[in-house]
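Novice: fold the following, please.
(2 chains)
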There are 2 protein chains.
Amino acid sequence: MSDNKTATRTVFFISDHSGVTAETMGHSLLSQFEGIAFRAVTLPFISTMDKAAEALQRINATALADGTAPIIFSTLVRDAERQLVKGANGLFLDFFDAFLAPLEAELGQKSSHALGRAHGMIDLAGYMTRIDATNFALANDDGGQGREYERADVVLLGVSRSGKTPTCLYLALQYGIYAANYPLMEEDLEGGELPAAVRPYARKLFGLTIEPARLQQIREVRRPESRYASAQQVHYELRAAERMYSRFGVPHIDTTHCSVEEISSRILQLTGIPRRLRP
Amino acid sequence: MSDNKTATRTVFFISDHSGVTAETMGHSLLSQFEGIAFRAVTLPFISTMDKAAEALQRINATALADGTAPIIFSTLVRDAERQLVKGANGLFLDFFDAFLAPLEAELGQKSSHALGRAHGMIDLAGYMTRIDATNFALANDDGGQGREYERADVVLLGVSRSGKTPTCLYLALQYGIYAANYPLMEEDLEGGELPAAVRPYARKLFGLTIEPARLQQIREVRRPESRYASAQQVHYELRAAERMYSRFGVPHIDTTHCSVEEISSRILQLTGIPRRLRP
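Specialist: Numbers count the residues shown, from 1 in each chain, chains lettered A, B, ... in the order given. Purely as a prediction, here's the structure:
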């Protein structure tokens, strides 16, 4: 539509719901294009024709102002709203458009095109599982008072700042998994034995490790120029932790190049813990 | 492919990464088909031709055993692996297949088809923001010791079990937002004034409410047959909280029919707080 293919592009994420799926989908795709600057705008909860008409206007106004066609990632489940926004002056990529027809053919059934069902409408049981798992992660964080290791699906081990807390919370929120964590402190590492508190749960243990340079960076932000953040201390702790994992056959992964999602997913894959929730 | 279109269908989510995007996409689509039972299998980290060949074998073996074609939701970013798995005996729906070509045309650029980039590979700054926001949510949960309300992007108010904690954690993990929460206790509700601890931060307050019947159910699970879970108590607390929100102009939403993702997304939309992280 325009000659100016390298200027900043506006990208719309439009959904009848929160827009998280459209955002995830869009960012995955756009990350495959280098050297183009994107400006992201999320238009969530577009669940009526009025709101769809407003969204259409906004997209068209942006196209005019930018002088380039916006890119529109859509998860609009209802036909009427989708058809309306599809008329916008931009590249319209809709997820249901692309995949519902082949699925209908394969399953021999028309889809319900029902609002809300596609995303977050959740039953009480699923809600309670998620909340309960989150509370469990909170109560059993950092060797916390809870110490309900018998209820845990997994108990993460790792030195300070190796990624235990966000991973436990993500496992709870995303999968409903009961994840506790236990920090490997100097006294644990010196002995070289599994810490007494977690020894009875050896089968549930999973270790995290991280590259020394990265851990130093992270600790340096937290406590600049401390012994805690020193190269020597970081090397010592990580070597001792890794030796412990090897000695007691604790499965473990390096979190240096992993997002929280990826660490969580690898833990599930390596342990075979069944998830209690599906997206 | 088969006559037996209503039997349980096996669904594969296959990805060179964690598979979360493929799962989200697949579940959104499958929820549009009622009365069909699906068995979900995630095949994450399919990043080499060997692993792709294994996955292909597994899918084909399942097709034989089931007597129906599996459905395959894929986010395989590299052509070679994708082309291989595409040959499986099943309905292959790939996200990059569907959308990369139109994007390449519109952007006038070939995509990089690069592994890892599409998903969670994160920079240190983004990682630190997420961790820091998560620690903030933990330290400032439930009126916790932190009380760093001056650093907060938002301070959630609500009675016990209205959804504050998981929402704060989700805001931190997903968006890098600094969310504190303050529980409205009986002494706060009786006075009818904004609690002294949060009064200086009135502009940052956001209220949660919930339908009494739902709150009763949730509290009943936690403390069966208690005063805490009684109809009378729940009605009293919710009425008093909603009166407080109205009186002091605190924006608020009803969380009864909302997932944590949706509550979080609505808060962003209603407050205009900028996110610190993109997916």
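Novice: tell me how far residue A:46 lies from chain B.
Specialist: According to CB to the nearest CB, to the nearest Å, residue A:46 and chain B sit 11 Å apart. C-beta here means a position set from N, CA and C on the backbone, and glycine is covered the same way.
Novice: now do the SS call for that residue.
Specialist: coil (DSSP: H, G, I helix; E, B strand; the rest coil).
Novice: excluding its backbone neighbours, what's nearest residue A:265?
Specialist: Excluding the flanking residues, the one nearest residue A:265 by CB to CB, 6 or more residues apart in numbering or on different chains is residue B:18, at 3.4 Å.
Novice: pretty sure the one you found sits against residue A:267.
Specialist: No. Between residue B:18 and residue A:267 there is no contact under CB atoms under 8 Å: 10.5 Å.
Novice: for the stretch 101-250 of chain A, give me the ranges with low pLDDT.
Specialist: Counting by pLDDT under 70, the ranges of the stretch 101-250 of chain A that qualify are A:113-124, A:145.
Novice: quick one: the strands in it?
Specialist: Here the stretch 101-250 of chain A has its strands, by DSSP state E, counting those that start in this stretch, at A:154-158, A:179-183, A:205-209.
Novice: give me the spatial nearest neighbour of residue A:133, chain neighbours excluded.
Specialist: Closest to residue A:133 by CB to CB, 6+ apart is residue A:172, at 3.8 Å.
Novice: cool, and residue A:111?
Specialist: Spatial nearest neighbour of residue A:111, chain neighbours left out: residue B:32 (3.8 Å); criterion: CB to CB, 6+ apart.
Novice: next one: the one you found from residue B:39, what distance?
Specialist: Residue B:32 is 18 Å from residue B:39, where distance means CB to CB, to the nearest Å.
Novice: which one of these two has more residues nearby?
Specialist: Neighbour totals were compared for residue B:32 and residue B:39, and residue B:32 leads with 21 against 12 (other CB atoms under 10 Å in any protein chain shown).
Novice: how close does the more buried one get to residue A:186?
Specialist: Residue B:32 sits 54 Å away from residue A:186, going by CB to CB.
Novice: try residue A:74
Specialist: Residue A:74 sits 53 Å away from residue A:186, taking CB to CB as the criterion.
Novice: more crowded one of the two?
Specialist: More crowded of residue A:74 and residue A:186, by other CB under 10 Å: residue A:74, with 28 against 13.
Novice: shouldn't the residue nearest to residue A:265 be within a helix?
Specialist: No. Read with three-state DSSP, residue B:18 is coil and lies in no helix.
Novice: what number of residues lie near it?
Specialist: Around residue B:18 there are 26 residues (other CB under 10 Å).
Novice: quick one: pLDDT of it?
Specialist: Residue B:18 carries a pLDDT value of 81.
Novice: cool, residue A:278 as well?
Specialist: 66.
Novice: residues touching the residue nearest to residue A:133, list them.
Specialist: Going by CB atoms under 8 Å, 6 or more residues apart in numbering or on different chains, residue A:172 touches A:130, A:133, A:134, A:136, A:137, A:178, A:179.
Novice: check residue A:264 too.
Specialist: A:167, A:170, A:171, A:174, A:175, B:18.
Novice: mind running it again at 6 Å?
Specialist: Contact partners of residue A:264, counting by CB atoms under 6 Å, 6 or more residues apart in numbering or on different chains, are A:167, A:170, A:171.
Novice: likewise for residue A:46?
Specialist: Going by CB under 6 Å, 6+ apart, residue A:46 touches A:14, A:16, A:52, A:55.
Novice: among the residues you listed, who's most crowded?
Specialist: residue A:14 (30 neighbours).
Novice: out of the strands of the stretch 101-250 of chain A, flag the one nearest chain B.
Specialist: With respect to chain B, and counting by CB to the nearest CB, the nearest of those is strand A:179-183 at 12.3 Å.
Novice: next to chain B, which bits of chain A? Give me the list.
Specialist: Counting by CB under 6 Å from any CB of the partner chain, chain A comes close to chain B at A:5, A:18, A:20-21, A:23-24, A:27-29, A:31-34, A:44, A:91, A:93, A:98-99, A:106-109, A:111-112, A:117-118, A:120, A:122, A:128, A:134, A:166, A:169, A:221, A:259, A:261-262, A:265, A:269, A:279.
Novice: if we can go back for a sec, closest to chain B out of the contacts of residue A:172?
Specialist: Of those, the one sitting nearest to chain B (CB to the nearest CB) turns out to be residue A:134, at 5.1 Å.
Novice: distance to residue B:253 and mean neighbour count added to the strands of the stretch 101-250 of chain A, as JSON lines?
Specialist: Listed next are the strands of the stretch 101-250 of chain A as JSON lines, based on distance: least, CB to CB, whole Å; neighbours: other CB atoms under 10 Å in any protein chain shown:
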{"stretch": "strand A:154-158", "distance to residue B:253": "33", "mean neighbour count": "25"}
{"stretch": "strand A:179-183", "distance to residue B:253": "29", "mean neighbour count": "25"}
{"stretch": "strand A:205-209", "distance to residue B:253": "36", "mean neighbour count": "23"}
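Novice: quick one: which of the ones you listed is nearest residue B:213?
Specialist: strand A:179-183 (31.3 Å; CB to CB).
Novice: quick check: the gap between residue A:85 and chain B.
Specialist: The spacing between residue A:85 and chain B, counted by CB to the nearest CB, is 16 Å.
Novice: now that residue: which helix or strand?
Specialist: Element membership of residue A:85 [criterion: DSSP states H and E] is helix A:79-86.
Novice: shouldn't residue A:94 be in contact with residue A:74?
Specialist: Yes. The pair residue A:94 / residue A:74 is scored as a contact, 4.1 Å apart, by CB atoms under 6 Å.
Novice: next one: stretch A:8-27 to chain centre, how far?
Specialist: On the basis of CA atoms, centre = their mean, to the nearest Å, stretch A:8-27 sits 16 Å off its chain's mean C-alpha point.
Novice: contacts for it, please.
Specialist: Applying CB under 6 Å, 6+ apart, the contact partners of stretch A:8-27 are A:37-44, A:46-47, A:55, A:59, A:62, A:66, A:68, A:70-77, A:115, A:119, B:21, B:24, B:28, B:261-262, B:265, B:279.
Novice: flag every buried residue along it.
Specialist: By neighbour count on 16 or more other CB atoms under 10 Å in any protein chain shown, the buried set for stretch A:8-27 is A:9-27.
Novice: with stretch A:228-247 instead?
Specialist: Neighbour counts over stretch A:228-247 (16+ other CB under 10 Å) mark A:228, A:229, A:233, A:234, A:236, A:237, A:238, A:240, A:241, A:242, A:244, A:245 as buried.
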